[in-house]
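[1] Take this sequence and fold it.
(2 chains)
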Amino acid sequence: MKLATWNVNSLKVRLPHLLQWLAENPVDVLCLQETKLTDDKFPVAEINAAGYQVAFSGQKTYNGVAILSKLPILDVVRNNPRFDDPQQRILAATIDGVRILCAYVPNGQAVDSDKYAYKLAWLAALAEWLADEMRSYPQLAILGDYNIAPDDRDVHDPAEWAGQLHCSDKERAALGELTALGLTDAFRMFEQPDKTFSWWDYRQLAFRRNRGLRIDHILLSQALAARCTACAIDRNPRKWEQPSDHAPVIATIG
DNA sequence: ATGGCAATAGAGTATTGA
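    Residues are numbered from 1 along each chain as shown, chains lettered A, B, ... in the order given. I've put the predicted structure just below:
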């Protein structure tokens, strides 16, 4: 079973990339973030034609999440029941006995801004809800764009980024509250090449210079981590014409 | 220090992202 996550930065623009990527990487489950589509505009037919069922929760202009799956998608929950949030950032579902959470963590805009406070509150509420979900579903994976680089290995220039948004102590501590629940960063379970990232700025040739961050993650419960045999970031679609600024992350579950 | 790039809304340019 292969689980993947990808921030597509507008599914309207990126649908061709999504379909091409799925044709080349027929994962079992794919979580999408930043679909930026209201539900009435979601491309259900195209995704069904590619062999996937899909659940989605979107809004106009911003945010929006979706879960694609080859197997039935059960017990769908939109948003965190413990956090009243008009922004569509979370979708949960059970697929093949595994609880899948698709998460688009708030960006935070700038350290100590109102949006930064929202990001931290959002993450704290997520941790509370996750504790419940993990009790109900021992086999659990939470995949998505966390907008946090867990440590300096995940940053192209740690000195330049020290204390900055995505790398601040409070953000890393908030992510730590999730892993403290017993979740493991699938990527770090395995040997990885240095300077492997999942996001590169569109500006200043950042991708070509590999000036990136690893901010897209797959966290696995203990029971699921025990079944995980590989995790990798596919930087290939970042090279395609008019790409998303994020690359997909894939975990293989035995 | 600032903007740089992309997407959206909507018809100028502002907002957001990371």
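[2] What segments of chain A are helices?
    All helices of chain A, identified by DSSP state H, fall at A:11-24, A:44-49, A:114-136, A:158-161, A:169-179, A:222-225.
[3] Out of the ones you listed, which is closest to A:N210?
    Checking these against A:N210 by CB to CB gives helix A:158-161 as the closest, at 13.8 Å. For glycine as for every other residue, the C-beta is placed from the backbone atoms N, C-alpha and C.
[4] who are the neighbours of that closest one, in terms of helices and strands?
    For helix A:158-161, there is no helix or strand it packs on, judged by 3 or more CB pairs under 8 Å, 6 or more residues apart in numbering; DSSP states H and E.
[5] Let me see the confidence value for the residue most central in space within chain A.
    What sits nearest the mean C-alpha location of chain A, by CA atoms, centre = their mean, is A:G144, with 1.1 Å. Reported pLDDT at A:G144 in the predicted model: 98.
[6] Go ahead and confirm it touches A:V105.
    Yes - counting by CB atoms under 8 Å, A:G144 does reach A:V105; the two are 6.7 Å apart.
[7] Can you give me the neighbour number for the nearest residue to A:F56 once chain neighbours are set aside?
    Closest residue to A:F56 apart from its sequence neighbours, by CB to CB, 6 or more residues apart in numbering: A:A66 at 3.9 Å. Close neighbours of A:A66, defined as other CB atoms under 10 Å, add up to 27.
[8] The stretch 51-200 of chain A: strands as residue ranges?
    Ranges of strands within the stretch 51-200 of chain A are A:53-57, A:65-69, A:74-78, A:90-95, A:98-104, A:140-145, A:184-185, A:199-200, based on DSSP state E, counting those that start in this stretch.
[9] okay if I get those as JSON lines plus distance to DNA strand B?
    Formatted as JSON lines, the strands of the stretch 51-200 of chain A follow (distance: least, CB to the nearest atom of the strand, whole Å):
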{"stretch": "strand A:53-57", "distance to DNA strand B": "15"}
{"stretch": "strand A:65-69", "distance to DNA strand B": "12"}
{"stretch": "strand A:74-78", "distance to DNA strand B": "18"}
{"stretch": "strand A:90-95", "distance to DNA strand B": "14"}
{"stretch": "strand A:98-104", "distance to DNA strand B": "7"}
{"stretch": "strand A:140-145", "distance to DNA strand B": "5"}
{"stretch": "strand A:184-185", "distance to DNA strand B": "17"}
{"stretch": "strand A:199-200", "distance to DNA strand B": "4"}
